[in-house]
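Engineer: I'd like to go over a predicted model; first the sequence, then the structure.
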Amino acid sequence: MTQYAASAITQSLQVINARVTYRNAPVHLLEKFTFKDLNGAYKMLLEGAALKECVILQTCNRVEIFGAAKNPDKGKLLHGWASAIELSDNEFDNIVEVSKDRDVVLHLLKLASGLDSMVIGEDQILGQIKRALEFSRTNQYAGSHLSVIFDKAIKVGSKVRVDTALNKGSVSIGSMAVNLAEEYFDDLRSKQILLIGSGEGASLIAKSLKLRSIDFMVTSRTFERAKSFADTMSGEPILFEKALEKFNSIDLIFVSTTAPYYLVTYDRIEKAMTNREKAIMIFDLSNPRTVEEKVTSIKKVKLINMDQIAEIVDKNIRSRKSEIQSAERIIDIEMKSVDTILKRKKVEPIIVSIFKNVDEIRERELKKAFCILKDRLGPDEEKIVEQLSHAIVEGVLSTPMNNLRKEIETGCSDQEELTKIIARLFKYEDKYS
């Protein structure tokens with residue numbers, strides 16, 4: 001392949017998104033759709049669902065698959081998802097949402113901007129999208145097609161946060177939990193508080209407590225991790241086993257981990273509440289849940305999970321209505337440039353193939369000419385003739401191919417029919433169809 005073509009002929013791909021989110025599945029149900037083995041899930045989806053590219057996004061409030069393929073199949077995608085987490089296909093009925101093509105891009109732009117989050121305008125989702133893309137790129141699960149879309153979404157998400165006040169004064173799930181705790185207790189500074197966890201969710205709780213100058217203990221399944229977290233985020237590190245022993249004197253527990261089992265069990269809380277008069281409040285902000293639901297049957301135990309926090313989301317949305325409208329205007333403008341990019345990517349494989357095919361003809365005819373001329377041309381003359389052949393191909397094809405790009409990008413004509421005509425004219429039809 002020469003200067004006229006890319007290093008490889010790319011396929012014209014379509015995008016698909018399948019998602020289960022807090023909107024249609026409570027946290028305890030959302031847990032069922034989470035991938036425990038992320039690399040295994042990617043391989044299952046790329047092979048079983050016939051995807052060329054894939055990005056998986058998992059947070060406390062959503063599990064989403066973004067895929068790119070020549071003809072993405074919803075049934076294969078959901079079957080691959082079900083197989084990866086050992087569920088039956090029918091368990092996805094009425095829960096999973098599926099979008100294709102432009103709707104996928106629009107959803108991703110809104111998601112990166114914080115418009116689809118439980119807490120409108122929260123910043124955490126943008127970092128989660130960046131890390132999901134980086135993981136997929138590093139492991140070669142995502143290629144140029146999804147990268148273009150995700151890179152654009154990340155830029156739009158950043159722009160919305162800079163150009164609007166959507167995230168100003170907004171609360172994260174962590175700070176929202178602290179707000180609820182403040183409403184429950186008269187004075188948090190006088191309470192014994194324990195934070196279990198050392199990840200991103202726990203850091204949001206710690207930041208919120210620190211802003212209020214509230215002391216707290218922090219623990220993790222390994223003390224080194226708890227100590228490192230405390231050094232960075234504040235808090236007093238404590239051994240996990242010792243923290244469990246202190247349940248009988250703790251007033252408020254925040255749990256935000258990724259442990260696949262219950263850390264706060266019924267038996268532990270029941271023992272802690274024996275002969276105790278004061279109440280205890282527990283926030284379970286983990287996915288999957290790490291506080292046994294049964295603890296709610298114990299007197300003076302108040303358990304709040306992610307589903308209950310969602311109750312104040314509507315208020316958050318109403319108070320930010322004007323900023324939401326500003327963000328949506330930015331997204332509408334940016335979607336036009338995304339549409340142009342996607343249209344260009346759709347026609348580019350045909351253009352690359354045309355240049356390649358014509359260049360093969362040029363090389364073949366050039367060899368014939370050199371054979372006929374034999375020793376009559378020296379190296380300098382051969383180089384001039386070869387450059388002439390390149391210039392002829394470039395001169396003949398560049399204008400019509402650039403005009404084709406413009407026609408596709410501006411949408412002034414029936415784009416689908418136009419690409420089919422070009423494909424037939426240059427015998428690209430088999431590859432195109």
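Structural biologist: Great, that's in hand. Residues are numbered from 1 along each chain as shown.

Engineer: the nearest residue to V15 once chain neighbours are set aside: neighbour count?
Structural biologist: Closest residue to V15 apart from its sequence neighbours, by Cβ to Cβ, 6 or more residues apart in numbering: V104 at 4.6 Å. To be clear about C-beta, it is placed using only N, CA and C from the backbone, and glycine gets the same treatment. V104 has 23 neighbouring residues, counting by other Cβ atoms under 10 Å.

Engineer: the strands in the stretch 301-433 of the chain, which residues?
Structural biologist: Along the stretch 301-433 of the chain, counting by DSSP state E, counting those that start in this stretch, strands occupy 301-305.

Engineer: about what we covered before: next one: the residue nearest to V15 from A230, what distance?
Structural biologist: Counting by Cβ to Cβ, to the nearest Å, the separation of V104 from A230 is 41 Å.

Engineer: helices or strands up against the lengthiest helix in the chain?
Structural biologist: If you go by DSSP state H, the chain has its longest helix at helix 321-373. Helix 321-373 sits against helix 102-113, helix 144-163, helix 379-410, helix 415-425, helix 429-432, with contacts defined as 3 or more Cβ pairs under 8 Å, 6 or more residues apart in numbering; DSSP states H and E.

Engineer: let's see that with 10 Å instead.
Structural biologist: Helix 321-373 is packed against strand 14-21, helix 102-113, helix 144-163, helix 379-410, helix 415-425, helix 429-432, with contacts defined by 3 or more Cβ pairs under 10 Å, 6 or more residues apart in numbering; DSSP states H and E.

Engineer: what angle separates the third one from helix 321-373?
Structural biologist: Put simply, helix 144-163 runs at 140 degrees to helix 321-373, going by axes from the mean of the first three to the mean of the last three Cα atoms, to 10 degrees.

Engineer: who are the packing partners of helix 144-163?
Structural biologist: strand 14-21, strand 53-59, strand 62-69, helix 102-113, helix 124-138, helix 321-373.

Engineer: tell me which of the ones you listed sits most buried.
Structural biologist: strand 62-69 (a mean of 25; mean count of other Cβ atoms under 10 Å).

Engineer: which residues touch A206?
Structural biologist: Listed by Cβ atoms under 10 Å, 6 or more residues apart in numbering, the contact set of A206 reads 174, 178, 195, 197-198, 214, 216, 218, 229-230, 232-235, 254, 256.

Engineer: same check, this time on L425
Structural biologist: Contacts of L425 by Cβ under 10 Å, 6+ apart are I354.

Engineer: what does K374 give?
Structural biologist: Counted by Cβ under 10 Å, 6+ apart, K374 has zero contacts.

Engineer: distance across stretch 256-270, terminal residue to terminal residue?
Structural biologist: 21 Å (Cα to Cα, to the nearest Å).

Engineer: just the CA atoms of stretch 218-237, as CSV, please.
Structural biologist: Written as CSV, here are the backbone C-alpha positions of stretch 218-237 (Å, rounded to 0.1, in the frame of the first residue of the first chain):
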residue,chain,number,x,y,z
VAL,A,218,-10.9,4.5,58.3
THR,A,219,-10.3,0.8,57.7
SER,A,220,-9.8,-1.6,54.9
ARG,A,221,-9.2,-5.3,54.5
THR,A,222,-5.5,-4.6,54.5
PHE,A,223,-4.1,-2.1,57.1
GLU,A,224,-1.5,-0.8,54.6
ARG,A,225,-4.2,0.3,52.3
ALA,A,226,-6.1,2.0,55.1
LYS,A,227,-3.0,3.8,56.3
SER,A,228,-2.1,5.0,52.8
PHE,A,229,-5.7,6.2,52.3
ALA,A,230,-5.6,8.1,55.7
ASP,A,231,-2.2,9.7,54.7
THR,A,232,-3.8,11.0,51.5
MET,A,233,-7.4,11.7,52.5
SER,A,234,-7.3,12.2,56.3
GLY,A,235,-8.9,9.9,58.8
GLU,A,236,-7.4,7.7,61.5
PRO,A,237,-6.4,4.2,60.2
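
Engineer: quick one: buried residues of that stretch?
Structural biologist: Within stretch 218-237, the residues that count as buried by 16 or more other Cβ atoms under 10 Å are V218, T219, S220, R225, A226, K227, F229, A230, M233, S234, G235, P237.

Engineer: which one of the residues you listed sits closest to S249?
Structural biologist: T219 (14.3 Å; Cβ to Cβ).

Engineer: hmm, T340 is touching T410, no?
Structural biologist: Yes. Between T340 and T410 there is a contact under Cβ atoms under 10 Å: 8.5 Å.

Engineer: SS state for Y261?
Structural biologist: Following DSSP: H, G, I helix; E, B strand; the rest coil, Y261 is assigned to coil.

Engineer: now it, nearest residue through space, not along the chain?
Structural biologist: Closest to Y261 by Cβ to Cβ, 6+ apart is T290, at 7.3 Å.

Engineer: how close does the one you found get to V264?
Structural biologist: Counting by Cβ to Cβ - T290 and V264 are separated by 7 Å.

Engineer: mutual contacts of these two, please.
Structural biologist: Common contact partners of T290 and V264 (Cβ under 10 Å, 6+ apart): I196, V255, D284.

Engineer: now tabulate those residues in JSON lines and tack on pLDDT, neighbour count and secondary structure.
Structural biologist: Shown next, in JSON lines, are these (pLDDT from 0 to 100; neighbours: other Cβ atoms under 10 Å; DSSP: H, G, I helix; E, B strand; the rest coil):
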{"residue": "I196", "pLDDT": "95", "neighbour count": "30", "secondary structure": "strand"}
{"residue": "V255", "pLDDT": "94", "neighbour count": "24", "secondary structure": "strand"}
{"residue": "D284", "pLDDT": "93", "neighbour count": "29", "secondary structure": "strand"}
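
Engineer: that's all I had, so thanks and see you.
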